[in-house]
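> How does the following fold in three dimensions:
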Amino acid sequence: MSEQLITDLLKQVNYPGFSRDIVSFGLIQETRFEDGQAFVKVEISTADPTLPKVLKGEIENKLIQEESIQGVDIQIIVKKPAVDRSTNAENKESAVLPGVKKIVAIASGKGGVGKSTMAVNLACSIEQILSKDSSAPIKIGLMDCDVYGPSIPLLIGASGQPKALGDNLIAPIESYGIKVMSMGLLVDEETPVVWRGPMVMKTIQQFAANVDWGELDLLLIDLPPGTGDAQLSIAQVMPLDGVVIITTPQKAAVDVARRGARMFEKVNVPILGVIENMSFLLNEESKEKSYLFGKGGGPMTAQALSTAFLGEVPLHEEIRMGGDHGLPIVVSNPDHFASKAITIVAKEILSILN
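Sure, this is the predicted structure:
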């Protein structure tokens with residue numbers, strides 16, 4: 001029996017409530033095997049008092065099935081969650097985004113993969129889907145955390161200065177029923193944002209604490225590419241329910257997306273799935289697909305990350321034109337085949353969240 005074999009056994013133990021194993025979540029801090037005794041040290045972040053006991057029992061049951069293991073010693077270290085999402089009276093004042101039911105980040109390893117375009121269209125598509133199934137008003141928010149290159153206002157047609165509400169709060173701008181906040185709404189479009197990391201982190205904290213998001217069914221967060229200050233700030237400040245990774249088919253994008261996604265595993269944020277954008281160019285007369293950027297990058301990325309492949313979205317001029325004019329394609333032309341592809345992805349995300 002070796003430490004590697006213990007690790008292999010632990011890969012068969014899923015984190016309670018998830019289809020992902022505790023090893024891929026990065027929760028195993030130490031493993032040892034001495035004189036027939038297996039020692040495992042696990043570190044988790046949870047506010048659920050029952051979870052450590054459940055997880056410990058599942059680990060013990062898995063290890064004790066191995067004949068060479070005579071005894072087990074499981075140490076579960078519980079870290080207090082960075083953010084308390086409780087909405088009860090005593091915690092409401094300190095809770096971050098207490099009225100938001102679900103928070104999902106949209107991320108990519110590299111720039112130019114259409115992440116912001118996808119975030120805007122997903123927000124509008126999810127609002128359409130939920131509104132059809134609910135008699136109550138559906139509220140979706142979109143937070144643009146790409147401080148240096150904020151493009152969300154252009155893509156969703158949001159304009160105007162957010163209004164001050166008092167008590168150090170400002171109101172988000174609404175467009176197509178989506179509540180939007182972006183640095184692009186706070187500075188002149190010709191003014192560059194020349195800030196170091198601490199200022200970026202402070203801005204993201206203010207987007208969470210000083211914007212009156214109100215009651216939201218879902219908040220989507222558009223992250224800048226890479227694994228820098230913005231991504232770390234989001235993971236520390238916001239109680240993320242998961243992250244969706246955007247890639248294009250070519251190898252350069254796939255490799256960087258995979259590396260970027262590993263960061264979220266390190267901070268215990270579930271990876272909900274992978275979307276392959278710009279998958280193909282469709283000849284609408286012959287229905288022939290041209291794979292300009294290669295083929296299969298999205299499924300390969302999902303497989304490497306042990307997560308779901310949410311779907312592929314084609315490359316089409318109307319998507320680009322919609323972004324240029326602030327009119328998302330799922331709003332302007334919901335019956336377009338590209339809109340239908342985005343709707344399929346949106347339904348997959350909602351299914352996973354539910």
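
> Quick check: nearest residue in space to the residue positioned nearest the centre of the chain, chain neighbours excluded?
The chain has residue 243 as the residue nearest its centroid, 1.6 Å off, counting by Cα atoms, centre = their mean. Closest residue to residue 243 apart from its sequence neighbours, by Cβ to Cβ, 6 or more residues apart in numbering: residue 105 at 4.3 Å. (Glycine included, C-beta is placed from N, CA and C.)

> With residue 339 instead?
Nearest to residue 339 is residue 330, by Cβ to Cβ, 6+ apart, at 4.6 Å.

> tell me which element that neighbour falls in.
Taking DSSP states H and E as the definition, residue 330 sits inside helix 329-332.

> Repeat that for residue 206.
Per DSSP H and E: helix 197-209 holds residue 206.

> Same question for residue 264.
helix 251-266.

> Give me the helices and strands touching that helix, please.
strand 103-107, helix 229-237, strand 242-247, strand 271-277, helix 297-304 (3 or more Cβ pairs under 8 Å, 6 or more residues apart in numbering; DSSP states H and E).

> now do 6 Å
Applying 3 or more Cβ pairs under 6 Å, 6 or more residues apart in numbering; DSSP states H and E, one finds that helix 251-266 contacts strand 242-247, helix 297-304.

> Can you get me the centre-to-centre distance for that helix and its chain?
13 Å (Cα atoms, centre = their mean, to the nearest Å).

> which residues are contacting it?
Here helix 251-266 makes contact (Cβ atoms under 6 Å, 6 or more residues apart in numbering) with 26, 109-110, 113, 227, 243, 245, 247, 271, 297, 300-301, 304-305.

> Tell me the buried residues within these.
Those of the contacts of helix 251-266 that meet the buried threshold are 109-110, 113, 227, 243, 245, 247, 271, 297, 300-301, 305, by 16 or more other Cβ atoms under 10 Å.

> Can you tell me which of those residues lies closest to residue 177?
Nearest to residue 177, judged by Cβ to Cβ, of the buried ones among the contacts of helix 251-266 is residue 243 at 23.8 Å.

> rewinding a little: might you report the residue contacts of the residue nearest to residue 243?
221, 223, 234, 240, 243.

> nearest to residue 74, of those?
Among the contacts of residue 105, and counting by Cβ to Cβ, the member closest to residue 74 is residue 240, at 27.0 Å.

> How far away from the center of its chain is stretch 316-324?
24 Å.

> For residue 104, give me its contacts.
220, 241-242.

> now with 10 Å?
119, 122, 126, 218-221, 240-244, 269-270, 272, 349, 352-353 (Cβ atoms under 10 Å, 6 or more residues apart in numbering).

> Check residue 213 too.
Contacts of residue 213 by Cβ under 10 Å, 6+ apart are 97-100, 139, 141, 143, 169, 171-172, 179, 181, 207, 219.

> Please flag which of those residues sit within strands.
141, 143, 169, 179, 181, 219 (DSSP state E).

> now the first one: how far from residue 274?
Here the criterion is Cβ to Cβ, to the nearest Å. By it, residue 141 lies 23 Å from residue 274.

> Kindly report the same for the fifth one.
Taken as Cβ to Cβ, the spacing of residue 181 relative to residue 274 amounts to 26 Å.

> Likewise for residue 148?
25 Å.
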